[in-house]
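Participant: any chance you could fold what I've pasted below:
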Amino acid sequence: MRTEEYTAEELFRQLNETDESESLEAKALSRDTTRSIMETVCSFSNEPGLGGGVILLGVAENDGAGPRYVVENIEDVDKAQLDFATQCAGMFNFPVRPEISVEQIDGKSVLKVFVAELPAGRKPLYFKSDGIPKGIWRRVGSSDQRCNEEELSVFYNREEVCDGLPVEGVSLEDVDEDAVKRYRFLREKVNPAAEELTFDTPRLLKALGCIDRKNPQQLNLAGVMMFANAATLRELYPAARVDYIRVPGTEWVADPERSFVATELRGPLIPLVYRAIDAVRGDLPSGFLLQEDDIQAKTVGLPVRALREAIVNALMHRSYRVNRPTQIIRYDNRIEIVNAGYSLKPEDELGEPGSEIRNPRISDIFHEINLAEEKGSGIRRMRIMMMEAHLTAPTFESNRGANTFTIRLLLHHFLGEEDLKWLTRFDRYGLDDNQKKALIFLREAGAVNNLVFRQLSGVDTLHASAALREMRDEGIIIQKGAGNATYYVPGEIILHKGDETLQASGETLQDNEARLQDNGARLQDNGARLQDNESIKLALKPLKKRLKPAILNQIVVDLCKIKGFECSELAGLIHRDETYVRTIVTKLVRAGRLRMKYPEMPNHPHQAYTAAKQG
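Facilitator: Modelled structure (predicted):
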């Protein structure tokens with residue numbers, strides 16, 4: 001269900017269980033300013049792919065004990081509606097007409113306001129008093145953020161943010177004829193009578209939308225990515241590659257003495273898909289057949305069509321304006337594909353019919369040669385194929401702030417004989433199948449949250465929260481974090497059931513959580529210990545009590561070049577408050593200068609940060 005389809009009472013429960021979200025905001029008429037409320041209206045109207053959002057007017061954060069949010073009683077609902085509608089009609093460059101309804105929560109009146117996303121032709125919405133770009137606001141996570149100059153192209157020139165962007169200096173002479181032949185071969189397998197097969201190369205590329213419309217000799221971004229030769233791709237887009245990374249164990253560089261193996265894959269996208277699948281296939285525990293004209297599984301194990309769909313999805317929907325390679329990370333128990341470019345489709349609608357396409361020309365080509373499923377059905381097909389193979393359903397993480405999209409495929413046969421035996425330990429709690437899936441995932445990944453539970457089970461936010469709370473109340477899992485940052489780790493009942501692997505993992509999680517709770521003195525001691533390392537001493541040399549933000553940011557990046565650090569460790573090293581350090585780290589991740597150890601779960605209890613490779 002979309003957010004606007006819930007009642008105000010259901011949304012109020014959701015606020016207290018999972019806090020505000022991308023599409024849900026609480027505003028108190030007694031506390032929040034008109035400007036603050038209208039900024040949320042502006043961001044819901046503007047944010048691409050969000051579909052709008054709901055504001056609960058008359059709901060305030062609770063300053064005391066008890067629930068996170070409480071209801072104010074709006075005594076004059078007619079005046080409140082009139083004031084709000086008047087402000088929406090007069091403060092922006094054109095009137096906004098939200099859907100306003102009066103509903104009751106615990107016998108008190110609130111306004112449920114649905115602000116729809118504006119059509120592309122009417123964006124951006126902005127405050128008349130501020131102009132452009134200062135008056136434009138966007139929705140990032142659960143916050144409203146001012147639009148900057150760089151983001152204006154999202155609203156004003158769609159060509160510049162997708163694969164229709166002309167690429168200066170790249171002509172038909174830079175086309176890789178082998179890539180064109182590969183397209184013709186695959187297209188003929190799908191439709192031998194396709195008219196475009198009779199075209200010469202220039203006409204074919206024009207028909208595929210790979211030529212700039214204003215300059216018939218110049219390739220656009222789609223043409224470069226699909227058909228340019230390797231030298232041109234390396235020169236102009238050095239990060240438009242796939243890095244296949246083999247990590248020993250189940251954590252990102254868990255042991256610094258055991259280095260991972262990385263392979264860089266480059267070239268036009270169609271051959272690149274096959275090379276990426278072949279690289280992963282060589283590390284899979286089960287045998288697969290990779291044919292010249294198709295890819296299909298011949299034995300039990302991870303379905304190669306699901307792997308193919310995941311890799312194609314990444315290359316088809318990634319943002320090629322971001323200078324960051326696509327990463328395929330192979331752990332012992334899972335495959336993670338981390339991609340530049342958040343999902344334009346809301347997370348709750350992933351797997352539902354319909355699609356929001358970042359690169360329409362590249363997408364069409366992949367569909368025409370049958371490398372991708374029908375539009376809007378790729379994620380749904382991945383789920384079906386994984387479940388048919390008795391594997392845990394894939395999970396997806398879209399992070400607008402970091403501008404990334406992560407697909408996780410667990411190489412785990414769900415509810416196999418060993419799993420069923422392990423789950424008998426919890427028979428007395430009467431867990432349903434969805435809760436059992438969550439426990440299996442928890443055992444493999446170390447933590448679980450509401451989003452992952454929903455993707456594993458297909459239930460909505462409220463049902464997922466209730467199921468997780470039930471296991472928490474029984475002591476099976478332990479809740480960490482708060483609001484939409486809530487996640488769960490193994491509880492005592494799991495840790496003392498004889499599963500040594502999980503117990504060791506749980507002890508690590510508990511030890512890490514204890515470090516996060518350390519007081520300032522402990523952080524200072526930890527920092528002093530870490531400074532024994534000469535490399536760390538060198539990185540800390542510019543450190544002073546007062547520093548410009550840019551210098552302090554560089555010190556943090558230089559530290560994270562040495563090894564992965566948690567925020568608590570960084571706070572001890574640079575002698576700053578941990579909350580302040582988290583703010584610094586968040587900005588550096590968004591800027592692409594740091595990367596998370598667990599990008600698929602930003603609130604993971606093991607979260608640490610390393611410097612990202614530049615270029």
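Participant: how many residues are close by Leu269?
Facilitator: 23 (other Cβ atoms under 10 Å). Any C-beta I mention is one placed from the backbone N, CA and C, and that applies to glycine too.
Participant: same question for the one 4 residues further on.
Facilitator: By the other Cβ under 10 Å criterion, the neighbourhood of Val273 contains 24 residues.
Participant: quick one, phi psi at it?
Facilitator: Backbone torsions of Val273, given as degrees, to the nearest 10, read phi -60, psi -50.
Participant: so who does it touch?
Facilitator: Arg308, Ile311, Val312, Leu315, Leu371 (Cβ atoms under 8 Å, 6 or more residues apart in numbering).
Participant: with secondary structure, neighbour count and distance to Asp63 added, can I get those residues in a markdown table?
Facilitator: A markdown table is the format used below for these (DSSP: H, G, I helix; E, B strand; the rest coil; neighbours: other Cβ atoms under 10 Å; distance: Cβ to Cβ, whole Å):
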| residue | secondary structure | neighbour count | distance to Asp63 |
| --- | --- | --- | --- |
| Arg308 | helix | 26 | 52 |
| Ile311 | helix | 27 | 49 |
| Val312 | helix | 23 | 50 |
| Leu315 | helix | 24 | 49 |
| Leu371 | coil | 22 | 55 |
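Participant: widest-spaced pair of those?
Facilitator: The span of these, defined through Cβ to Cβ, is set by Arg308 and Leu315 at 10.9 Å.
Participant: so which of the contacts of Val273 is the closest to Ser129?
Facilitator: Using Cβ to Cβ, Leu315 comes nearest to Ser129 of these, at 43.3 Å.
Participant: list the contacts of that closest one.
Facilitator: Val242, Leu269, Leu272, Val273, Thr326, Ile362.
Participant: nearest to Ile551 among those?
Facilitator: Thr326 (32.3 Å).
Participant: next, give phi and psi for that closest one.
Facilitator: Note on Thr326: its backbone torsions stand at phi -80, psi 130 [degrees, to the nearest 10].
Participant: could you do Trp137 as well?
Facilitator: phi -120, psi 140.
Participant: okay, it: pLDDT?
Facilitator: In this model, Trp137 is scored at 93, pLDDT.
Participant: for it, give the beta-bridge partners.
Facilitator: Arg146 (DSSP bridges).
Participant: all helices of the stretch 301-450 of the chain, in order?
Facilitator: Along the stretch 301-450 of the chain, counting by DSSP state H, counting those that start in this stretch, helices occupy 304-317, 360-368, 378-388, 417-423, 433-445, 450-457.
Participant: distance to Gly164 added to those helices, as JSON lines?
Facilitator: Below are the helices of the stretch 301-450 of the chain laid out as JSON lines (distance: least, Cβ to Cβ, whole Å):
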{"stretch": "helix 304-317", "distance to Gly164": "15"}
{"stretch": "helix 360-368", "distance to Gly164": "7"}
{"stretch": "helix 378-388", "distance to Gly164": "22"}
{"stretch": "helix 417-423", "distance to Gly164": "48"}
{"stretch": "helix 433-445", "distance to Gly164": "39"}
{"stretch": "helix 450-457", "distance to Gly164": "32"}
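Participant: can you list the domains in the protein?
Facilitator: 3-155, 243-348+380-410, 417-513, 518-611 (automatic domain parsing).
Participant: picking that back up, kindly indicate which of the contacts of Leu315 lies nearest Leu431.
Facilitator: For those, the residue nearest Leu431 by Cβ to Cβ is Thr326; the value is 37.0 Å.
Participant: so where is the stretch 151-300 of the chain shaky, pLDDT-wise?
Facilitator: Per-residue confidence for the stretch 151-300 of the chain (pLDDT under 70) gives these ranges: 151-154, 156-161, 250-260, 285-300.
Participant: weakest of the helices of the stretch 301-450 of the chain in terms of mean pLDDT?
Facilitator: For the helices of the stretch 301-450 of the chain, mean pLDDT drops lowest on helix 378-388, to a mean of 72.
Participant: can you list the buried residues in it?
Facilitator: Within helix 378-388, the residues scored as buried using 16 or more other Cβ atoms under 10 Å are Gly378, Ile379, Arg380, Arg381, Met382, Arg383, Met385, Met386.
Participant: between the contacts of Val273, which sits nearest Tyr487?
Facilitator: Nearest to Tyr487 among the contacts of Val273: Ile311, at 27.8 Å, using Cβ to Cβ.
Participant: from what I can see the closest one touches Gln327, true?
Facilitator: No. Applying Cβ atoms under 8 Å, one finds Ile311 not in contact with Gln327, separated by 11.5 Å.
Participant: quick one, strands of the stretch 1-150 of the chain?
Facilitator: For the stretch 1-150 of the chain, the strands defined by DSSP state E, counting those that start in this stretch occupy 24-27, 53-57, 59-61, 69-71, 99-105, 108-115, 137-140, 143-146.
Participant: wait, which of those is closest to Leu284?
Facilitator: Ranking those by proximity to Leu284 (Cβ to Cβ) places strand 137-140 first, at 36.8 Å.
Participant: mind giving me the packing neighbours of that closest one?
Facilitator: Applying 3 or more Cβ pairs under 8 Å, 6 or more residues apart in numbering; DSSP states H and E, one finds that strand 137-140 makes contact with helix 34-46, strand 143-146.
Participant: for the first one, name the packing helices and strands.
Facilitator: Okay, so that is helix 34-46. Here helix 34-46 touches strand 24-27, strand 53-57, helix 77-90, strand 108-115, strand 137-140, strand 143-146, going by 3+ Cβ pairs under 8 Å, 6+ apart.
Participant: can you list the buried residues in the longest one?
Facilitator: It refers to helix 77-90. For helix 77-90, burial by neighbour count (16+ other Cβ under 10 Å) applies to Val77, Ala80, Gln81, Phe84, Ala85, Gln87, Cys88.
Participant: same question for stretch 466-485.
Facilitator: Neighbour-count burial for stretch 466-485 flags Ala467, Leu468, Glu470, Met471, Ile476, Ile477, Ile478, Lys480, Asn484 (criterion: 16+ other Cβ under 10 Å).
Participant: with stretch 175-195 instead?
Facilitator: Val175, Asp176, Ala179, Val180, Arg182, Tyr183, Arg184, Leu186, Arg187.
Participant: now these in JSON lines, with distance to Lys214 and secondary structure?
Facilitator: Output for the buried residues of stretch 175-195, formatted as JSON lines (distance: Cβ to Cβ, whole Å; DSSP: H, G, I helix; E, B strand; the rest coil):
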{"residue": "Val175", "distance to Lys214": "19", "secondary structure": "strand"}
{"residue": "Asp176", "distance to Lys214": "23", "secondary structure": "coil"}
{"residue": "Ala179", "distance to Lys214": "24", "secondary structure": "helix"}
{"residue": "Val180", "distance to Lys214": "23", "secondary structure": "helix"}
{"residue": "Arg182", "distance to Lys214": "28", "secondary structure": "helix"}
{"residue": "Tyr183", "distance to Lys214": "24", "secondary structure": "helix"}
{"residue": "Arg184", "distance to Lys214": "27", "secondary structure": "helix"}
{"residue": "Leu186", "distance to Lys214": "29", "secondary structure": "helix"}
{"residue": "Arg187", "distance to Lys214": "27", "secondary structure": "helix"}
